[in-house]
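*Asks:* A predicted structure for the sequence below; I have some questions about it.
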Amino acid sequence: MSLLLKPISRVFLFQSNFQNPRAIPNFSSVSASCSSSYEAQKMVRQFDPKIPIEQAITPPSSWYADPSFYAFELDRVFYRGWQAVGHTQQIKEPNDFFSGRLGNVEFLVCRDDDGKIAAFHNVCRHHASLLVSGSGKKSCFTCPYHGWTYGLNGALRKATRISGIQDFIANEFGLIPIKVAIWGPFVLLNMDKEILPEDNIDTDQIASEWLGSCSEILRLNGVDSPLTYVCRREYIIECNWKVFCDNYLDGGYHVPYAHKGLASGLTLDSYTTSIFEKVSIQSVEGGSKETQDDRLGSKALYAFIYPNFMINRYGPWMDTNLLIPLGPRKCLVVFDYFLEASLKDQKRIAFRLQIMETFFCRPKSREEKRTKLSLREA
Ligand code: FES
């Protein structure tokens with residue numbers, strides 16, 4: 001019995017810290033310490049949003065490299081509001097699930113037998129083992145450490161060798177839910193709001209909360225149209241996550257020099273940028289009909305959704321770039337490709353992916369920089 005009592009006492013320790021899902025990041029030392037948070041806030045105060053864009057200067061390097069600033073922005077940027085974490089094809093059928101990590105928060109998203117989507121902290125309520133990894137299909141989640149088993153609704157179904165333990169109420173040890181919602185083909189999480197398991201999904205306010213006033217513009221441009229999922233590719237990049245965002249948001253400034261092939265197929269004079277509350281939309285027209293190919297179409301739209309999600313819609317294609325911070329100087333970018341179903345053939349797909357490879361993998365450093373490359377056929 002003594003062997004059992006020790007872990008159970010830890011259970012209650014975890015329970016008390018997990019009452020508020022927002023407490024998990026603190027428990028996992030996500031938040032900056034008081035002094036480093038103070039330093040980070042001092043850095044933020046250097047930013048004056050009232051300065052006109054014509055007089056703006058590049059943010060200080062500390063915003064891109066200082067560990068305390070990184071911890072501060074995880075708390076203030078990524079643990080608040082809606083965050084894109086995947087797409088609905090990953091949980092297309094009952095019992096499908098996928099897991100991931102945002103900052104120091106491990107999460108899992110699943111679809112239960114009834115088709116209901118739910119999300120939880122991917123942390124066992126016993127001794128906080130990671131519960132599942134990767135993605136796939138499961139009818140329940142069994143902890144690899146001591147075998148506690150949870151249903152896809154998060155309820156604790158079985159606590160191994162628990163008989164004889166007093167005052168243990170299984171209902172109190174379900175997985176901690178995370179607020180989850182769907183917009184178009186995208187799965188979103190919100191770690192900012194406390195929820196009860198039974199009201200886990202909120203679809204009413206999602207468009208305005210996530211996209212502000214431009215959700216209709218994105219709809220009209222086919223961002224939420226039913227395309228077929230093609231594949232995923234992932235790249236680890238040795239830079240702060242905002243460097244990738246800065247590049248994306250430079251209004252095509254780098255395109256004539258860094259992407260000469262792409263530039264030759266675009267009418268760069270038509271480049272426009274429209275800024276909304278949480279979204280920036282860049283668009284550009286394709287070149288002449290003779291030079292158009294299906295990676296460009298007649299018009300390309302590049303939507304950046306604060307803080308780290310990009311949607312590129314062009315011709316019959318859509319690809320999304322999800323930028324996941326891995327530290328002050330490292331990030332992971334996840335590309336998901338979608339295509340009009342009638343045009344899904346291997347030659348077209350291989351051609352498109354080959355072009356993307358040239359953007360990410362310069363000839364000399366191709367093998368070093370591509371640390372993880374995966375292609376999963378839909
Ligand atoms: S950590 Fe013990 S069952 Fe999960």
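*Replies:* Done, it's in. Numbering: from 1, shown residues only.

*Asks:* mind listing what's buried in stretch 214-230?
*Replies:* Burial within stretch 214-230, assessed by neighbour count using 16 or more other Cβ atoms under 10 Å, is assigned to 214-215, 217-218, 221, 223-224, 227, 229-230. From N, CA and C alone the C-beta is placed, and that goes for glycine too.

*Asks:* The stretch 201-350 of the chain: strands as residue ranges?
*Replies:* Assigned by DSSP state E, counting those that start in this stretch, the strands in the stretch 201-350 of the chain fall at 228-237, 266-275, 279-286, 299-305, 309-314, 317-327, 330-339.

*Asks:* where does the stretch 51-200 of the chain dip in pLDDT?
*Replies:* For the stretch 51-200 of the chain, applying pLDDT under 70 flags the ranges 193-200.

*Asks:* what does it have sitting close to the ligand?
*Replies:* 124, 126-127, 129, 143, 145-148 (Cβ under 6 Å from any ligand atom).

*Asks:* picking up where we left off before, so which of the strands of the stretch 201-350 of the chain comes closest to the ligand?
*Replies:* strand 317-327 (25.0 Å; Cβ to the nearest ligand atom).

*Asks:* Can you spell out which helices and strands pack onto that closest one?
*Replies:* helix 67-73, strand 82-87, strand 96-102, helix 241-248, strand 309-314, strand 330-339 (3 or more Cβ pairs under 8 Å, 6 or more residues apart in numbering; DSSP states H and E).

*Asks:* Please work out which residues outside the third one touch it.
*Replies:* What it means is strand 96-102. 78-79, 83, 85-86, 90-91, 106-111, 122, 132-138, 141, 152, 189, 191, 324 (Cβ atoms under 8 Å, 6 or more residues apart in numbering).

*Asks:* Could you list the domains of the protein?
*Replies:* Here the domain parsing of the chain from automatic domain parsing is 2-27+81-202, 34-78, 219-369.

*Asks:* Grab the nearest non-local neighbour of residue 99.
*Replies:* residue 108 (4.4 Å; Cβ to Cβ, 6 or more residues apart in numbering).

*Asks:* residues touching the one you found, list them.
*Replies:* By Cβ under 8 Å, 6+ apart, the contact set of residue 108 is 97-100, 119-120, 122, 131-132, 141.

*Asks:* And these, which is closest to residue 206?
*Replies:* residue 119 (13.7 Å; Cβ to Cβ).

*Asks:* Which elements pack onto whichever strand or helix holds the closest one?
*Replies:* If you go by DSSP states H and E, residue 119 is part of strand 117-121. Strand 117-121 makes packing contacts with strand 105-111, strand 177-183 when contacts are defined by 3+ Cβ pairs under 8 Å, 6+ apart.

*Asks:* Same list, those, but as a markdown table with distance to residue 171 please.
*Replies:* Listed next are the helices and strands packed on strand 117-121 as a markdown table, based on distance: least, Cβ to Cβ, whole Å:
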| stretch | distance to residue 171 |
| --- | --- |
| strand 105-111 | 20 |
| strand 177-183 | 14 |
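
*Asks:* deepest of those, which one?
*Replies:* strand 105-111 (a mean of 23; mean count of other Cβ atoms under 10 Å).

*Asks:* for the residue nearest to residue 83 when sequence neighbours are not counted, which residues make a bridge with it?
*Replies:* Of all residues not flanking residue 83 in the chain, residue 189 sits nearest, at 5.4 Å (Cβ to Cβ, 6+ apart). Applying DSSP bridges to residue 189 yields these beta-bridge partners: residue 83, residue 180.

*Asks:* For the ligand, see how far away residue 189 is.
*Replies:* Going from residue 189 to the ligand by Cβ to the nearest ligand atom, to the nearest Å gives 22 Å.

*Asks:* Tell me if I'm right that that residue and residue 81 touch.
*Replies:* No. When contacts are counted by Cβ atoms under 8 Å, residue 189 is not listed as touching residue 81 (10.0 Å).

*Asks:* who's more crowded, those two?
*Replies:* residue 189 (21 against 17; other Cβ atoms under 10 Å).

*Asks:* what are the phi and psi values for the closest residue to residue 343 other than its chain neighbours?
*Replies:* Leaving aside its chain neighbours, residue 343 sits nearest to residue 316 (5.0 Å; criterion: Cβ to Cβ, 6+ apart). Main-chain dihedrals, residue 316, degrees, to the nearest 10: phi -90, psi 0.
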